[in-house]
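> the following block contains a protein sequence and its predicted model.
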Amino acid sequence: MDSIAFPSADEQQRILGEASTAIKRSAFHMRKAIEEDNMRDALKHAAAMLGELRTSQLQPQKYYELYMLAFDQMSHLEAFFADERGKGRSYAELYELVQHAGNVLPRLYLMVAVGCLYIKSREAPPREVLKDLVEMCKGVQHPTRGLFLRAYLCQTARGLLPDTGSEFEGPGSGTIADALDFLMTNFTEMNKLWVRLQHQGSARDKDKRERERQQLQDLVGKNLTYLSQLDGLSFELYRDQVLPRVLDQITSCKDDLAQLYLMQALIQGFPDRFHLGTLEALLGVLPQLQPGVKIHSVMAALMDRLARYAASATGAGADPRVAGELAAIDAFAKFREAIAQVISSQPNLAAADAVEMYTALLSYAGSVHPGVLSYVDEVLAAAHAALGERGAGLGGDGRAERQLVALLSVPLTKYGVDVALALQQYPPLTRLLRYATHKDLAMKIVQRVLDTPSLAISSVPKVAMLFRFIAPLVSDPEREGEPGGAADLDDEDLEEEQLLVARLLHHLRSADPDTHFAILATAQRQLNEGGPRRLRTTLPALVFCGLALHRRLVAPKEAGAKEEGKKVAGKEEKGQKEGGKKEEKKEEGKEEEGEEGEKGEGKEEGKGEGEEGGSAEERAGGEAGSSAEAAPAATASPLAAAPASADEAEAPAGPPKLTSEALLRFLLAALRPLLGGPAGQPLTALRLLLACGQAAAQEARQEMLAYAFFEEAFLLLDDLPDQRTRATALYDIIGGLQRCRVFGPEQRGPLAGSAASAALGLVAPREQARALAAAAWVWWQAEAEKGEGGRGEEGLQPPVRDAKQVVSTLQRAARAAARGKYVFEASRRVRDGAYLGGYVEVVDAAARMWEAEVPGVGAELVQPLLDTVAADLASGVQPDPATARRWAAALGALAAGRERFAGLKLPAAPQQPQPAAA
């Protein structure tokens, strides 16, 4: 009977239409008979109406439509039966009368309608009537018809059960045990009928039948809902009577859909404390479920319920008993063991389902035990043990891999990256991902750090662990042939991902300079493993992080020197005030004593000079002792960089062991890959060398280290690709040298000579003249202001003011400009007319030197240059627009400073071209 196929959809629609018409017609005659108070006809038409539900040709969804039409009419019949009792007819008589209906199905519907009224009237014990009805309904074994009949019985008898405290409870009426027995019997029979629905129709419609069964599952679940709502249901009754019977029914039905739904209904329907007390029984049944059941969904639902229950113990109005119940049962361990049993009992369990169970367990641990990080490590270790045999990519299971990414994302979301770095079992689990998938996860980890500007990874172990977390971003695949490495990416894509790593490096810092340096060393080792193409982007960021650390390292010395400078200034001010008072006394003695007073004045002057000399010695002594006082200042003064995390909230207790020399040598070694070879980036390396050289010279005051950086920079000039880039880099070097006052004559001479030689190495005479004009400034530095740099003149050389070298270099620049003129006269190429720009550059540099009062720079040097340019312009040489503007600006500046530039005969300013008339 169950395997008969249903008619086509059109045929079913026709059958439904005819049956609906018949129900409406019979209902009309039934209501008419009720109005006429004709019991016999009313029952006859009611039986005919209900007889339409006997069809086996409709699928459950269409049968439900037919059932609702008949159900809506039953209220009229029930009201009629109630009126009949008022007229003196007993329900016992009616209950017997309706049993004369010819067909079983209409008879049972009528018996249920009268039986419920029978219970309300208390003419018969409720338990007897309920037992009779639930047993009589076994006469209908057709899945669809029987399921809806029992749904009608359950819904109608819901409020008539002999529950504790109910008006239907009593010694003769029944107890809570009878109510439980009725609902459990009805649930068991309904579940059997619901499971048998899968066998109706043909095999090709199985998916459709499963969808229809899902639509009917609430009919079965209502029994469990009504059970959970019984006032007399205690934990003991649930544990001893309800749960064993429900679990037995779940395991014995052997149906995937039924088992999944009933487990979820059981979890969601009954109180949380019931689940706590019966957790072992609930988890023990999971391995017995069918392989097709989504056990991870059941586990997740149960864990979510208990997690919310645990949250109720910490919120407002919390129940104090909850904490005790949670302490009495180690739910986490039970869940973990249950997952292991499920996996071992189902060898063919999908990897994705196993991962989802561990994901649910991880979420549970984070909610119920947020402070116990060891639980997270246990989950990750268990997941690795369960999935490790499947290898990278989990055997090509894309769904499982996505679930594994979700699992690995839980600790990051719940605890944050900084806390998650303490998880030792995290990296082994990431190795189960394919390289490309692991890289996507690594980029999310990095982005999460970057989205928190205040986050700082402040310990060496955490930094090492972080690089294990993001291994695909800093190294190629370990497995040969696996795609996604640097070789498979173009330069633009690789640079985009490495920029994330470069930005990440600025979050690797510590308040303790020694720890910060160890962090940088760890990062350097990891970055060097990434290959030359990655180093081009990441090494510059590492160097700048090192320079930031260097500024912090010398900041205490700067602060100590400034404090010492204030003390010295106070002493000098005091000495000046005392000298002023003595000067007044000398004037008085001069008026009274005459010549003797003059001698006395001379003595007083000598004495005053001695005092000034003494204060100068004290000042020198203070400068000499500033380095000795810098160490205690390092402890007392705040760090230059504000703390970025809780780890950086306090400064180190004592002075750091790290020295400027060690840090700068580290940076010089770190730059090596960029100087040449596969990772060579000459221009970037040169600018980084200059930045480090400035730090060595201006901050650390380390002459030889600064020399080493500038030396490497000069060596890189020849590796630059073109003349324009080489000239720009040379100007950077010259600018850096001009600011450095740490070099003595032995080091400054070779460096300045190298700058001049590099200038002459440029091809275009104009560029040679411009570079030599700039190089002249290397020999002339401005006087340092008093107290400049915080540490004063400690470790610095006096400003270089070699006028002879300045004049010599300017003359070489003028000769270079003259060579450009010779080339133009020989070739007459238009582009060679740009030689005038070389002269203008020399004029501008000489004028500024003249303004700086450099001896030997005056009209005798500038005037010939002006005359040459003016004569060439008059002869018809056409300068380029930039040179023309620069020449006009130079003449304007010279004209504006006639008092300073006395003796110059300025040529006439060039005429600016007028715009053409419209």
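Now that the structure is in, tell me what you want to look at. Being a predicted model, the structure only gives us computed values, none of them experimental.

> so where's the chain uncertain?
Along the chain, segments meeting pLDDT under 70 span 1-5, 200-204, 313-324, 326-327, 557-654, 784-792, 829-833, 909-918.

> how about the most centrally placed residue in the chain: what's its closest non-neighbour residue?
Among the residues of the chain, the one closest to the centroid is Arg448, at 1.4 Å (CA atoms, centre = their mean). Of all residues not flanking Arg448 in the chain, Val417 sits nearest, at 5.5 Å (CB to CB, 6 or more residues apart in numbering). From N, CA and C alone the C-beta is placed, and that goes for glycine too.

> same thing with Pro678?
The spatially closest residue to Pro678, leaving aside those adjacent along the chain, is Pro532, at 3.6 Å (CB to CB, 6+ apart).

> count the neighbours of that neighbour for me.
For Pro532, the number of neighbouring residues by other CB atoms under 10 Å comes to 16.

> Ser367: neighbouring residues, count only.
Neighbour tally, Ser367, other CB under 10 Å: 16.

> which parts of the protein are strands?
Remark: strands of the chain are absent; assignment by DSSP state E.

> please parse it into its domains.
Using the TED database, the domain ranges for the chain come out as 1-124, 288-295+310-433, 776-781+799-910.

> looking at these, which is nearest to Gly232?
Closest of these to Gly232 is domain 1-124, at 17.4 Å (criterion: CB to CB).

> how far does that closest one sit from the chain's center?
63 Å (CA atoms, centre = their mean, to the nearest Å).

> residues in contact with the closest residue to Glu495 other than its chain neighbours?
In this structure, Glu495 finds its nearest non-sequential neighbour in Thr537, 5.4 Å apart by CB to CB, 6+ apart. Neighbouring residues of Thr537 by CB atoms under 8 Å, 6 or more residues apart in numbering: 494-495, 498-499, 501-502.

> can you check Pro60 too?
144, 147, 197, 212-213, 215-216.

> so which of those is the most crowded?
Counting neighbours by other CB under 10 Å, Leu147 comes out on top of the contacts of Pro60 with 27 neighbours.

> that one touches Leu193, doesn't it?
Yes - counting by CB atoms under 8 Å, Leu147 touches Leu193, with 4.6 Å between them.

> circling back to that earlier point, from Thr684, how far out is the residue nearest to Pro678?
13 Å (CB to CB, to the nearest Å).

> now Gln797: how far from Leu520?
Distance, Gln797 to Leu520, by CB to CB: 31 Å.

> of those two, which one has the most company?
Counted by other CB under 10 Å, Gln797 and Leu520 do not tie: Leu520 has more neighbours, with 24 against 16.

> measure the residue nearest to the more buried one when sequence neighbours are not counted to Thr515 for me?
Spatially, and ignoring its direct neighbours in sequence, Leu520 is nearest to Gly546 (5.7 Å; CB to CB, 6+ apart). Separation of Gly546 from Thr515 (CB to CB): 14 Å.

> so for those two, which residue has more residues nearby?
Each of Gly546 and Thr515 has its neighbours counted (other CB under 10 Å); Gly546 has more, 25 against 19.

> which residues touch that one?
520, 663, 666-667, 670.

> of those, which pair is most distant in space?
Pairwise distances across the contacts of Gly546 (CB to CB) peak at 10.4 Å, for the pair Leu663 and Ala670.

> show me which of the two is the more surrounded one.
Leu663 (25 against 22).

> once you drop chain neighbours, what's closest to that one?
Closest residue in space to Leu663, ignoring its immediate chain neighbours: His550 at 5.4 Å, by CB to CB, 6+ apart.

> please apply the same query to Arg273.
Nearest non-adjacent residue to Arg273 (CB to CB, 6+ apart): Glu325, at 6.5 Å.

> verify the stated contact: that neighbour with Pro271.
No - applying CB under 8 Å as the test, Glu325 and Pro271 come out as separate, 11.7 Å apart.

> those two: which has the busier surroundings?
Using other CB under 10 Å as the criterion, Glu325 and Pro271 rank with Glu325 on top: 17 against 14.

> distance of that one from Gly269?
Counting by CB to CB - Glu325 and Gly269 are separated by 19 Å.

> Gly892 now?
93 Å.

> so which of the two has more stuff around it?
Gly269 (19 against 12).

> against Lys222, how distant is that one?
Distance, Gly269 to Lys222, using CB to CB: 10 Å.

> repeat that for Pro477.
Distance from Pro477 to Lys222, by CB to CB: 56 Å.

> could you do Gln723 as well?
Distance, Gln723 to Lys222, using CB to CB: 88 Å.

> correct me if wrong: Leu810 contacts Ala776.
Yes - with contact defined as CB under 8 Å, Leu810 reaches Ala776; the gap is 5.2 Å.

> between the two, what contacts are shared?
845, 849.

> what's near enough to touch the residue nearest to Gly388 when sequence neighbours are not counted?
Among residues not flanking Gly388 along the chain, Leu432 sits closest, at 6.9 Å (CB to CB, 6+ apart). Neighbouring residues of Leu432 by CB under 8 Å, 6+ apart: 384, 387-388, 390-394, 404.

> now the buried members of those.
Among the contacts of Leu432, the ones that count as buried by 16 or more other CB atoms under 10 Å are 384, 387, 392-394, 404.

> Leu658: which of the residues you listed is nearest?
Proximity of these to Leu658 (CB to CB) peaks at His384, which lies at 38.6 Å.

> from Asp802, how far out is that closest one?
Counting by CB to CB, the separation of His384 from Asp802 is 70 Å.

> for Leu671, grab the count of nearby residues.
Leu671: 23 surrounding residues under other CB under 10 Å.

> that one against Cys692, yeah?
Yes - between Leu671 and Cys692 there is a contact at 7.5 Å, judged by CB under 8 Å.

> overlap of the contact sets of these two?
Val543.

> the closest residue to Asp491 other than its chain neighbours and Leu450: what is the separation?
For Asp491, ignoring the flanking residues on the chain, the nearest one in space by CB to CB, 6+ apart is Arg533 at 7.5 Å. Per CB to CB, Arg533 is found 22 Å from Leu450.

> those helices in the stretch 351-500 of the chain, which residues are they?
351-368, 373-387, 398-415, 417-420, 426-430, 435-450, 460-469, 471-474, 491-505 (DSSP state H, counting those that start in this stretch).

> closest to Cys116 out of these?
Closest to Cys116 of the helices of the stretch 351-500 of the chain is helix 351-368 (CB to CB; 42.9 Å).

> and Val763, how many neighbours?
If you count neighbours by other CB under 10 Å, Val763 ends up with 10.

> and it, what does it touch?
With CB under 8 Å, 6+ apart, Val763 has these contacts: Gln723.

> next one: the one 10 residues further on
Shown here is Ala773, whose contacts under the criterion CB under 8 Å, 6+ apart are 809-810, 813, 841-842, 844-846.

> for those, give me CSV that also has neighbour count and distance to Pro656.
Putting those into CSV (neighbours: other CB atoms under 10 Å; distance: CB to CB, whole Å) gives the following:
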residue, neighbour count, distance to Pro656
Thr809, 26, 43
Leu810, 27, 46
Ala813, 28, 47
Glu841, 27, 47
Val842, 29, 49
Asp844, 20, 47
Ala845, 23, 44
Ala846, 25, 48
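
> closest one of those residues to Leu286?
For those, the nearest to Leu286 is Glu841 (85.5 Å; CB to CB).

> can you tell me the closest non-neighbouring residue to that closest one?
Leaving aside its sequence neighbours, Glu841 is closest to Arg770 (4.3 Å, by CB to CB, 6+ apart).

> for Leu904, same thing?
Nearest residue to Leu904 in three dimensions, chain neighbours excluded: Ala859, at 5.3 Å (CB to CB, 6+ apart).

> check Cys545 too.
Leu505 (5.3 Å).

> what about the one you found, how many neighbours?
By other CB under 10 Å, the residues close to Leu505 number 23.

> distance of Leu873 from Ser827?
Noted for Leu873: a distance of 19 Å to Ser827, by CB to CB.
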